[in-house]
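# Okay, predicted coordinates and the sequence, questions at the end:
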Amino acid sequence: MSNLYQYSVEERFLRYVQIDTQSDPFSESFPSTEKQKDLGRLLVEELLDLGLADAHMDDNGYVYATISSNTEREVPVICFCAHMDTSPDVSGTGVKPLVHRNYDGGDIVLPDDHQQVIRLNEHPYLQQKIGDDIITASGLTLLGADDKAGVAVIMDFAKILQAHPEIKHGAIRILFTPDEEVGRGVDKLDMQQLGASIGYTLDAGEAGSLEDENFSADSMTVSFNGVPAHPGSAKGKLVNALKVAAAFVHALPGESLAPEFTEGREGFVHPVHMTGTAEKASVQFILRDFDTAKLGEYAYMLQHLADEVVKSFPGATCSYTVKEQYRNMKEVLVNHPGIVRYAEEAILRAGGTVRRHPIRGGTDGARLSFMGLPCPNLFTGEMALHSKHEYVSVQDMQLSVHTLLELVQLWEKGE
Ligand SMILES: [Zn+2]
């Protein structure tokens, strides 16, 4: 199947990863690092060369471009989105991508630091990639497949559509964003300018992956007030808020409802920060579940627990605040069943196997979904993210391009 098209995704990927686009969580500017625009400028140039005449980058570093419709039919405008920045966790300076042709199933020793070995037993997915061409970094940096694999896939897809006018499709909006890794990827996005009604982010891993569910998330602060008194004459009077807070944390459910005891679809409450003095102390939590209604139950449980603990410290009081963080995109996507159904069908038509798993975290796609652009996440092949062991299979990236080509044709036919 992969011989149907002349793929350029490998060659593009190898060039894009050599441009340093690391974002910076401590920066207050937008984008967080100017160097992200180096890749943005190159992409604009290449999009213009492909004939996408409106391709441009705005001041905030977002790249927009349109592939015009070539059909008479009414088709919703589809946005394909990937992020240009790489993780602040590992250096992205001087990335040297290496192609391991016809991967033989052995451990991959990275040449610039022999301590860095991508081991088959730690990366079982590689077992399924024997015979593929695997791209890695050289041992000193991350690779940046997250998310330059997504960028390269969308660029190749655009090139192939431009070269194959017989492939019928509606209008397509291409979007490349900065600063996804520091959680600000959609902060300055101009939805009006984007003008799309549905979207797909290209930022998931294993071939065939389709992610349409993520955690719903709240934060909660539980505060305790003690009873202050001079320690020299405190007998029978002082109630220490730190001890109340410690008793509360100690009373949390053991061996359940915590990140260290849950997986898959299980939710949790997780204390992440504690501050205080003898007079006043507080504990911050994050609450997570795929079912948003459960977050209210978790908050109620913590509140009840705090009330109970305070009873054994006469004079102490407690109070709570809950803040919404983000929501499960499924709540939006259920109202647009075609978005996921066509994606599944496209993966199959491209020759892949559909893999569905819920994301135990938030994504830009989830935020976009609640900003009016329902937006699940599709695979690119990127694996072992945010590490020096990051890798991607060329054949997975090609399958991703092929999937997008099938996907736009399904939307055009509207079956
Ligand atoms: Zn990513």
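Good, I have the coordinates. None of the values given here were measured: they were computed from a predicted structure. Numbers count the residues shown, from 1 in each chain.
# ranges for the helices of the stretch 201-350 of the chain?
241-250, 292-311, 330-333, 337-349 (DSSP state H, counting those that start in this stretch).
# which residues touch the closest residue to Leu373 other than its chain neighbours?
Closest residue to Leu373 in three dimensions, ignoring its sequence neighbours and counting by C-beta to C-beta, 6 or more residues apart in numbering: Gly199, at 4.6 Å. In short, each C-beta sits where N, CA and C put it, glycine included. By C-beta atoms under 8 Å, 6 or more residues apart in numbering, the residues touching Gly199 are 78-81, 175, 365, 368, 373-375.
# give me the beta-bridge partners of Gly199?
Cys79 (DSSP bridges).
# Same list (the contacts of Gly199) but as JSON lines, adding neighbour count and distance to Thr33.
Output for the contacts of Gly199, formatted as JSON lines (neighbours: other C-beta atoms under 10 Å; distance: C-beta to C-beta, whole Å):
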{"residue": "Ile78", "neighbour count": "23", "distance to Thr33": "29"}
{"residue": "Cys79", "neighbour count": "21", "distance to Thr33": "24"}
{"residue": "Phe80", "neighbour count": "25", "distance to Thr33": "24"}
{"residue": "Cys81", "neighbour count": "30", "distance to Thr33": "20"}
{"residue": "Leu175", "neighbour count": "23", "distance to Thr33": "19"}
{"residue": "Gly365", "neighbour count": "28", "distance to Thr33": "23"}
{"residue": "Leu368", "neighbour count": "26", "distance to Thr33": "22"}
{"residue": "Leu373", "neighbour count": "24", "distance to Thr33": "25"}
{"residue": "Pro374", "neighbour count": "23", "distance to Thr33": "30"}
{"residue": "Cys375", "neighbour count": "29", "distance to Thr33": "25"}
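# Where does the stretch 251-400 of the chain get nearest to the ion, which residue?
Leu385 (6.7 Å; C-beta to the ion).
# how about that residue, secondary structure?
coil (DSSP: H, G, I helix; E, B strand; the rest coil).
# The residue nearest to it when sequence neighbours are not counted: neighbour count?
With C-beta to C-beta, 6+ apart as the criterion, Leu385 has its nearest non-adjacent residue at 4.3 Å, and that residue is Asp146. For Asp146, the neighbour count with other C-beta atoms under 10 Å is 27.
# Tell me the spacing between Asp146 and the ion.
4 Å (C-beta to the ion, to the nearest Å).
# buried residues in the helix or strand harbouring that residue?
Under the criterion of DSSP states H and E, Asp146 resides in helix 145-163. Within helix 145-163, the residues scored as buried using 16 or more other C-beta atoms under 10 Å are 145-161.
# so what does that helix touch, helix or strand wise?
helix 9-16, helix 36-49, strand 63-67, strand 78-83, strand 172-177, strand 198-204, strand 391-393, helix 394-413 (3 or more C-beta pairs under 8 Å, 6 or more residues apart in numbering; DSSP states H and E).
# so of those, which one's packed in deepest?
Among those, strand 391-393 has the highest mean neighbour count (mean count of other C-beta atoms under 10 Å), at a mean of 28.
# check whether it contacts the ion.
No. In terms of C-beta under 5 Å from the ion, no part of strand 391-393 sits within range of the ion; the closest distance is 12.2 Å.
# Identify all contacting residues around that strand.
13, 103, 108, 118, 123, 126, 129, 132-136, 143, 145, 149, 207, 380-384.
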